[in-house]
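**Q** with the input below, show me the fold.
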Amino acid sequence: MLTIHFSQEDILRTRVAPAADPIWELVLSLHLLQGRTRDPLMAHWRRGVARELRRDVTSHQLRLLFALNPPRGYFPDFLTPYQSVAGFEAGLDAVRSTPIDLLNRDLTVLAGANSLPSSAAALARGEPEVLQLLTDSMTQYRSVALEPYWGRIQAAVEADRNRRARALLDGGAEGLLASLRPTMRWDSGRLEVHDYPDRRELHLDGRGLLLVPSFFCARTPVALLDPALPPVLVYPVDRLGGLVPAPGEGAGPPREGPGREALAALLGRTRAAVLEASDDGCTTGEVARRLHISPAAASQHTAVLRNAGLLVSQRDRNTVLHTLTPLGRAMLEA
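**A** Next up is the predicted model:
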């Protein structure tokens, strides 16, 4: 179990990442791709990514990246720099700027339980060419494994952020931390992460904690090994039906299907009003009250919008929270 100790200052400094973190999602997706998970929600994604990588004649350039990210156990802290909260390119810049002592330390730990390619030795020495090769391979992998699905990943993370925002409004910072159940338990200044692979104690010492909601995080939240680094806790979000490319994204032509039929049903004031009401997240009951319609009608309208890919819906105990997808937001702002 991982136990994170908070002072009152730490509680006040705890915050949620502003969006899906592209570097964390990349690294954690590598673990899932290579693992033996039978999660049916991810089966389509795994097959599609594996197929595209087999077709890519330059995929051998990803060997080092895959070796640094085994499906289980330790992976290097330097691969997920704090700077990635500002975006993918900021994260890559931080990886290329990793101090040699940190590279050497992390790779020594990794080599203790894994066989690494010869290029890992040059990486441990901080050779700029190898660091550039590593970040180039991250960009290459991202184009296949993440970019065709990024809208769905963002939607799931944004739905979780809205859920945490409501918990913060209702119960303050401690309400936010308490909302992380059932994988975590908040109790009197301590956040306990159950099913963590090791017994660890992390003292925040006034630095606060960055909570990073992640689509590709497995059931157990993830923390960095080095306690001196800025404290980060990555936790899983509801995957909201898994991953399929949105129409027009990824390889192949846009597909006809239920989403297209549902989009045709969007004409009308009420559904436009439902979409607007969901801008900052809204439950079915709140939609009904705001628009003066019955709960059954609100449920029907949100179902049409969800099937069209404009809303995502997330159940939290006895309520369902509806949040705009990137497509829904684009339509609202058009």
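**Q** all helices of the chain, in order?
**A** 8-13, 22-34, 43-55, 63-67, 88-96, 100-111, 119-124, 128-145, 150-178, 258-264, 269-277, 284-291, 295-307, 326-333 (DSSP state H).
**Q** residue contacts, the residue nearest to the spatial centre of the chain?
**A** The centroid of the chain falls nearest to S214 when counting by Cα atoms, centre = their mean (2.2 Å). Applying Cβ atoms under 8 Å, 6 or more residues apart in numbering, we find S214 in contact with 20-21, 24-25, 28, 157, 222, 234-237. Where C-beta positions appear, they are placed from N, C-alpha and C, glycine not excepted.
**Q** ok, now with 6 Å
**A** The contact partners of S214, by Cβ atoms under 6 Å, 6 or more residues apart in numbering, come to 24, 234.
**Q** what pairs with it across the strands?
**A** P236 (DSSP bridges).
**Q** distance of it from V234?
**A** Going from S214 to V234 by Cβ to Cβ, to the nearest Å gives 5 Å.
**Q** which neighbours do those two share?
**A** Common contacts of S214 and V234 (Cβ under 6 Å, 6+ apart): W24.
**Q** number of nearby residues for the spatially closest residue to H203 that is not a sequence neighbour?
**A** Computed as Cβ to Cβ, 6 or more residues apart in numbering, the closest residue to H203 that is not its neighbour in sequence is H5, at 4.8 Å. Using other Cβ atoms under 10 Å, H5 has 13 other residues around it.
**Q** isn't H5 right next to G206, touching?
**A** No. Because the distance of 11.2 Å does not satisfy Cβ atoms under 6 Å, H5 is recorded as not touching G206.
**Q** for T14, what are phi and psi?
**A** Dihedral pair for T14: phi -80, psi 140, per degrees, to the nearest 10.
**Q** could you report the neighbour count for it?
**A** Other residues close to T14 by other Cβ under 10 Å number 23.
**Q** gap between it and G208?
**A** Distance of T14 to G208, computed by Cβ to Cβ: 5 Å.
**Q** break this structure into its domains for me.
**A** Structural domains assigned to the chain are 2-17+151-236, 22-150, 258-333, following automatic domain parsing.
**Q** any chance of these in JSON lines, plus mean pLDDT?
**A** Output for the domains of the chain, formatted as JSON lines (pLDDT from 0 to 100):
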{"stretch": "domain 2-17+151-236", "mean pLDDT": "92"}
{"stretch": "domain 22-150", "mean pLDDT": "91"}
{"stretch": "domain 258-333", "mean pLDDT": "79"}
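**Q** which residues sit against stretch 165-178?
**A** Stretch 165-178 has contacts (Cβ under 6 Å, 6+ apart) with 11, 14, 164, 179, 186, 191.
**Q** for those, which one is nearest L146?
**A** Nearest to L146, judged by Cβ to Cβ, of those is R164 at 22.7 Å.
**Q** contact partners for H301?
**A** Neighbour list for H301: 271, 274 [criterion: Cβ under 6 Å, 6+ apart].
**Q** and if we set it to 10 Å?
**A** Applying Cβ atoms under 10 Å, 6 or more residues apart in numbering to H301 gives the contacts 265-266, 268, 270-275, 277, 284, 287-288, 291, 293, 311, 322.
**Q** check S97 too.
**A** Going by Cβ under 10 Å, 6+ apart, S97 touches 78, 81, 83, 126, 131.
**Q** could you redo the last one with a cut-off of 7 Å?
**A** By Cβ atoms under 7 Å, 6 or more residues apart in numbering, S97 lies in contact with nothing.
**Q** rewinding a little: ok, which of the helices of the chain comes nearest L229?
**A** Smallest distance to L229 across the helices of the chain (Cβ to Cβ): 9.2 Å, for helix 100-111.
**Q** give me the contacts around stretch 81-94.
**A** Here stretch 81-94 makes contact (Cβ under 7 Å, 6+ apart) with 17, 21-24, 95, 135, 138, 210, 230, 232.
**Q** ok, now which ones touch I4?
**A** By Cβ under 7 Å, 6+ apart, I4 lies in contact with 190-191, 202, 204, 209.
**Q** meant to ask about T3
**A** Applying Cβ under 7 Å, 6+ apart, one finds that T3 lies in contact with 190, 192, 201.
**Q** and which of the residues you listed is nearest R329?
**A** Comparing the contacts of T3 against R329 with Cβ to Cβ places E192 closest, at 35.7 Å.
**Q** measure that closest one to A178 for me?
**A** E192 sits 12 Å away from A178, going by Cβ to Cβ.
**Q** check R152 too.
**A** In this view, R152 and A178 are 28 Å apart by Cβ to Cβ.
**Q** who has more neighbours out of those two?
**A** Higher neighbour count among R152 and A178: R152, with 24 against 16, using other Cβ under 10 Å.
**Q** ok so, going back, give me the buried entries from the contacts of stretch 81-94.
**A** Using 16 or more other Cβ atoms under 10 Å as the burial test, the contacts of stretch 81-94 include 17, 21-24, 95, 135, 138, 210, 232 as buried.
**Q** now those residues as CSV including distance to R47?
**A** Output for these, formatted as CSV (distance: Cβ to Cβ, whole Å):
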residue, distance to R47
A17, 29
D21, 25
P22, 23
I23, 24
W24, 23
V95, 29
T135, 27
M138, 22
L210, 33
V232, 31
